[in-house]
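quick check, what structure comes out for this input:
(one chain, ligands or ions: 3)
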Amino acid sequence: MQFTALSLTTCCVSVISATEYHLGLLKAKLAKYRAQLLEPSKSSAAKGEGFDVMKSGDARVALIGFPSVGKSTFLSLMTSTASEAASYEFTTLTCIPGVIEYKGANIQLLDLPGIIEGAAQGKGRGRQVIAVARTADVVIMMLDATKGEVQRALLEKELESVGIRLNKSKPNIYFKPKKGGGISFNSTVTLTQCSEKLVQLILHEYKIFNAEVLFREDCSPDEFIDVIVGNRVYMPCLYVYNKIDQISMEEVDRLARRPHSVVISCGMKLNLDYLLEKLWEYLALTCIYTKKRGQCLTCCLSVLQCHRIHRSLASQFKYALVWGTSTKYSPQRVGLTHMMEHEDVIQIVKK
Ligand SMILES: Nc1nc2c(ncn2[C@@H]2O[C@H](COP(=O)(O)OP(=O)(O)OP(=O)(O)O)[C@@H](O)[C@H]2O)c(=O)[nH]1
Ligand SMILES: [K+]
Ligand SMILES: [Mg+2]
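Numbering: from 1, shown residues only. Ligands and ions are numbered 1, 2, ... in the order given. Here you go, the predicted model:
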């Protein structure tokens, strides 16, 4: 086993060119530099300069987009909250929360000021907006369908630069800094973008000389840097193209086929139901129905499963009986870590 991993890494060394070493190292330096640049913003956020909006409901969705793409129009349509909409830019200057009730869940929807290029560096209210985006369960990136693809790329870049990774999963790399013993490097797959030497160079850049590293996936140097730096947020994102009433059929067709994308018109109330369905899917919300009442007791993100049950019942919890698709038998006795699935029925047995 040990031997296989070693021979793999040896073969990779020859694959990676000098240019790539250079680039990998340069990226490590840049990431470090950027992190330092962003330091002051963290402390100012801690002083309460972000928008102070309480988290409520079962999940939080943040509306991110350039000015005047229709974020406020959307909030006013989907929730009972009215947020001023107008044809001039920067109509919205603060964070306005609304609630979408869907399949028994309360989804908090946040209208935010428009952001522009340079937001991450503090242009406009960019930093505050991005700070809120980090706290969301899903980001809706609202785009003006008439404005082309530039906005999408610019916003992706802004979010990327502050460590928000959209529609990406956490790199499957085991990384553990140690007190001594040097750097032990292994991989379970063939690596085409990283090698032991490059990993070592990057780690040295971060002044890490003792660590255990195991690549379980063919990750890039950037992904490895993300793992070292930590504090990255991996977030589902729906790209919503609004104002499709203003573009050609061909264009609508093209945008609708882009990955993670939904086309809508707030003005003509088009495709909003479909957007809600998609949003629900992206939230991966799980409805748990109580046995007694046969209705939705709580909805929670599958990762934070049973979050609300944890909080209110954790001290009294003995075990739970679950009926549904998440168990082998119905009912099955499960503990707090069991993953519920949509429409499962749960009965909690208290101590
Ligand atoms: N044609 C068309 N216009 C729309 C649509 N949705 C919103 N608008 C218009 O776009 C303009 C901007 O809408 P807002 O909701 O204020 O946009 P916003 O993104 O909240 O803007 P800021 O708060 O300034 O960032 C308004 O004049 C809306 O009436 C749509 O689907 N089609
Ligand atoms: K506006
Ligand atoms: Mg607005």
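
count of neighbours near residue 140?
Using other C-beta atoms under 10 Å, the number of residues around residue 140 comes to 24. C-beta here means a position set from N, CA and C on the backbone, and glycine is covered the same way.

no no, residue 249
Neighbours of residue 249 (other C-beta under 10 Å): 8.

how about residue 178?
Applying other C-beta under 10 Å, I find that residue 178 has 13 neighbouring residues.

I figured it hits residue 211, correct?
Yes: counting by C-beta atoms under 8 Å, residue 178 touches residue 211, with 5.6 Å between them.

quick one: is stretch 73-92 near ligand 3?
Yes: for stretch 73-92, a contact with ligand 3 is found by C-beta under 5 Å from the ion, at 91-92.

domain ranges for the protein?
Domain assignment of the chain by automatic domain parsing yields the ranges 2-40+171-229, 50-168+233-283, 285-350.

what's near enough to touch the residue lying closest to residue 142 once chain neighbours are set aside?
Leaving aside its sequence neighbours, residue 142 sits nearest to residue 65 (C-beta to C-beta, 6 or more residues apart in numbering; 3.7 Å). Counting by C-beta atoms under 8 Å, 6 or more residues apart in numbering, residue 65 touches 71, 114-115, 141-144, 151, 155.

how many neighbouring residues does whichever residue of the stretch 151-300 of the chain sits closest to ligand 3 have?
Nearest to ligand 3 in the stretch 151-300 of the chain, going by C-beta to the ion, is residue 266, at a distance of 11.5 Å. By the measure other C-beta under 10 Å, the count of residues near residue 266 is 24.

check the secondary structure at residue 128 for me.
helix (DSSP: H, G, I helix; E, B strand; the rest coil).

given the host helix or strand of residue 99, what are its sheet partners and their directions?
Using DSSP states H and E, residue 99 sits within strand 96-102. When sheet partners are counted by DSSP bridges, strand 96-102 sits next to strand 105-111 (antiparallel).

mind listing residues that contact the partner strand?
Everything outside strand 105-111 that qualifies as a contact, by C-beta under 8 Å, 6+ apart, is 53, 55-63, 71-72, 74-75, 78-79, 83, 92, 95-101, 132, 136, 279, 283, 285, 287, 296, 299.

any chance of TSV for the domains of the chain, columns mean pLDDT?
Below are those laid out as TSV (pLDDT from 0 to 100):
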stretch	mean pLDDT
domain 2-40+171-229	80
domain 50-168+233-283	92
domain 285-350	64
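
most tightly surrounded among the ones you listed?
Most buried of the domains of the chain by mean neighbour count (mean count of other C-beta atoms under 10 Å) is domain 50-168+233-283; its value is a mean of 18.
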